[in-house]
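Undergrad: Need a 3D model of the following:
(one chain, ligands or ions: 1)
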Amino acid sequence: MLKPDLNLIRKYNQPGPRYTSYPTAPHFSEETDKQALAAQTESEDSDLSLYFHIPFCRSLCWFCGCTKIITTQQDKADHYLDLLEKEISLFLPRIKPGRKVRQLHFGGGTPNYLTPAQIDRFSSFLHSHFSFHPDAEISTELDPRTLTEEHIQSFKNLGINRASMGVQDVKPEVQEAVHRIQTDEHNRNALKWLRNAGISSCNLDLIYGLPKQTPESFEETLHHILDYSPDRLAVFSYAHVPWIMPAQKILEAKDLPEPEAKLKMLEKIITILTDNGYHYVGMDHFAKETDPLTVAQKNGTLQRNFQGYSTHGGVEICAFGMSSISQTSRSYRQNFKDITDYGQAVSEGHYPIDRGILLTDEDVMRRDIIMSIMCQLHLDYSAKSEQHGIDFKQHFADSLELLKPMEKDGLLELGEKSLQVTEQGRLFIRNIAMSFDAYLAQGESQKGKFSKTV
Ligand code: SF4
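TA: Down below sits the predicted model:
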């Protein structure tokens with residue numbers, strides 16, 4: 001049973017990457033050859049993982065760190081769908097025939113900002129331009145405050161079989177302080193409609209570290225959420241970055257909890273969720289013992305990408321819409337974050353790529369090492385030596401040296417033949433992975449770029 005050690009958390013809680021990619025997003029460059037980025041694709045037998053960013057929201061949650069557009073003009077979504085369909089049409093000739101969609105995800109913003117009719121329109125477009133595996137994992141993020149049963153029906157017709165909903169906190173005083181009023185009825189209705197439609201797999205997102213939260217109030221929120229019985233839970237630490245998200249400045253006058261209170265909340269999160277049948281997958285993620293994420297971690301097949309932890313590897317991530325990030329085995333490319341720049345590029349028939357990176361052999365190898373730590377919690381030196389044509393212990397002698405103090409603190413075991421993250425070390429997985437990050441080793445400052453590691 002994982003019992004968090006607060007002294008170790010105090011010691012290791014430093015800014016660090018979340019490793020949804022390696023190299024991490026601050027290393028993507030506008031100078032990278034856009035044609036070369038656009039030409040990156042995989043062979044005809046690799047599956048596709050599609051991502052669509054729907055940026056619109058009806059009102060602003062003051063804690064939000066997402067790329068979004070606050071509006072109530074529904075026709076903006078029609079225009080945006082025009083752009084998405086055009087971007088897909090630009091992209092499709094690159095895809096060799098026969099490649100199938102294994103995963104599809106709608107993120108935002110708020111995907112259910114789209115009306116049911118708009119979802120139906122986009123659904124027809126997708127199904128006439130892509131072919132799907134019969135067991136494809138098709139998921140969407142949902143905002144229960146604006147969700148209707150008709151939305152669920154349209155998403156169901158599209159093929160959605162998983163959903164993820166933001167709850168953040170159930171306490172009215174917290175909701176008022178962050179400008180997001182979401183009742184128990186909103187949540188229960190959304191879950192009932194999803195389950196009635198046969199979409200039984202549901203993730204809920206919570207955030208700790210918001211104004212008015214205390215360890216005791218968050219404990220009550222956790223018990224309230226357990227009553228919903230979600231399959232997965234993501235419990236994020238609120239990242240206060242007002243220099244990037246100016247609206248967050250409003251929260252400074254509203255009783256943000258002290259760091260020590262946040263640590264106590266983290267202790268409660270891990271203890272209460274693991275005591276109630278949830279497996280700690282890693283980072284902020286928990287899943288029921290029978291959930292595919294838990295099973296994938298136990299089987300050693302868990303993956304990590306821009307959407308967090310995933311059960312499908314070896315797929316090409318093709319992302320569409322403003323700010324979205326695509327991934328191939330040798331590259332990352334990100335679309336323009338600004339709707340005007342994105343819309344102009346697509347309207348003129350250009351790939352809307354703003355920045356990216358072409359990976360070196362060293363990047364590819366370090367990505368594999370870091371993702372193995374993040375997902376499998378284990379490194380077999382001879383397997384990695386063989387896979388990458390190196391002498392692992394020699395090549396990573398500096399990294400292994402950096403890990404020795406963490407070994408003394410009981411975060412991992414450095415054997416002759418392998419590295420194993422301990423149960424306690426799972427909370428510090430980012431600190432362990434950082435030892436293999438060549439860009440951090442070059443001495444760059446992490447302050448302001450990354451959230452804290454725990
Ligand atoms: S938290 Fe979600 S609903 Fe709220 S503003 Fe951000 S993207 Fe929109």
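
Undergrad: ok, the closest residue to G300 other than its chain neighbours - contacts?
TA: Distances taken as Cβ to Cβ, 6 or more residues apart in numbering put Q376 closest to G300, at 5.1 Å, once the chain neighbours are dropped. No exception for glycine: its C-beta is placed from N, CA and C like everyone else's. Q376 makes contact with 297, 300, 302, according to Cβ atoms under 8 Å, 6 or more residues apart in numbering.

Undergrad: Run through the helices of the stretch 301-450 of the chain in chain order.
TA: Here the stretch 301-450 of the chain has its helices, by DSSP state H, counting those that start in this stretch, at 339-347, 361-376, 381-388, 392-395, 397-408, 429-434, 438-441.

Undergrad: Which one of the contacts of Q376 is nearest to the ligand?
TA: The ligand lies nearest to L302 out of the contacts of Q376, by Cβ to the nearest ligand atom, at 26.0 Å.

Undergrad: so that closest one touches L293, yeah?
TA: Yes: here L302 reaches L293: they are 6.9 Å apart, a contact under Cβ atoms under 8 Å.

Undergrad: Comparing the helices of the stretch 301-450 of the chain, which comes out most buried?
TA: Across these, averaging neighbours per residue (mean count of other Cβ atoms under 10 Å) puts helix 429-434 on top, at a mean of 24.

Undergrad: got the residues of the protein near the ligand?
TA: For the chain, the residues in contact with the ligand (Cβ under 6 Å from any ligand atom) are 57, 60-61, 64, 66, 68, 108-110, 143, 166.

Undergrad: Could you tell me which of these belong to strands?
TA: Cross-referencing the residues of the chain next to the ligand against strands under DSSP state E gives 57, 108, 166.

Undergrad: S59 is in contact with A247, correct?
TA: No: using Cβ under 8 Å, A247 is not in contact with S59; the gap is 11.3 Å.

Undergrad: Does D231 touch R195 like I think?
TA: No: contact criterion Cβ under 8 Å: D231 and R195 do not qualify, at 11.1 Å.

Undergrad: Tell me how the protein divides into domains.
TA: For the chain, automatic domain parsing gives the domain ranges 1-14+360-444, 41-320.

Undergrad: sorry, back to before: mutual contacts of L302 and L293, please.
TA: 281, 309, 311.

Undergrad: returning to that earlier point: could you export the domains of the chain as CSV, including mean pLDDT?
TA: Shown next, in CSV, are the domains of the chain (pLDDT from 0 to 100):
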stretch, mean pLDDT
domain 1-14+360-444, 92
domain 41-320, 94
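
Undergrad: Out of these, which gets nearest to E348?
TA: Among the domains of the chain, the nearest to E348 by Cβ to Cβ is domain 41-320 (10.1 Å).

Undergrad: Surely Q307 touches G107?
TA: Yes: proximity of Q307 to G107 meets the contact threshold set by Cβ under 8 Å, at 7.2 Å.

Undergrad: Which one's more surrounded, these two?
TA: Between Q307 and G107, counting by other Cβ atoms under 10 Å, G107 is the more crowded of the two (23 against 19).

Undergrad: Identify the residues contacting the more buried one.
TA: Neighbour list for G107: 51-54, 141, 307 [criterion: Cβ under 8 Å, 6+ apart].

Undergrad: what about I152, how many neighbours?
TA: 25.

Undergrad: ok, the nearest residue to T328 once chain neighbours are set aside - how many residues close by?
TA: Nearest residue to T328, sequence neighbours excluded (Cβ to Cβ, 6+ apart): Q40, at 4.5 Å. Neighbourhood size, Q40 [other Cβ under 10 Å]: 19.
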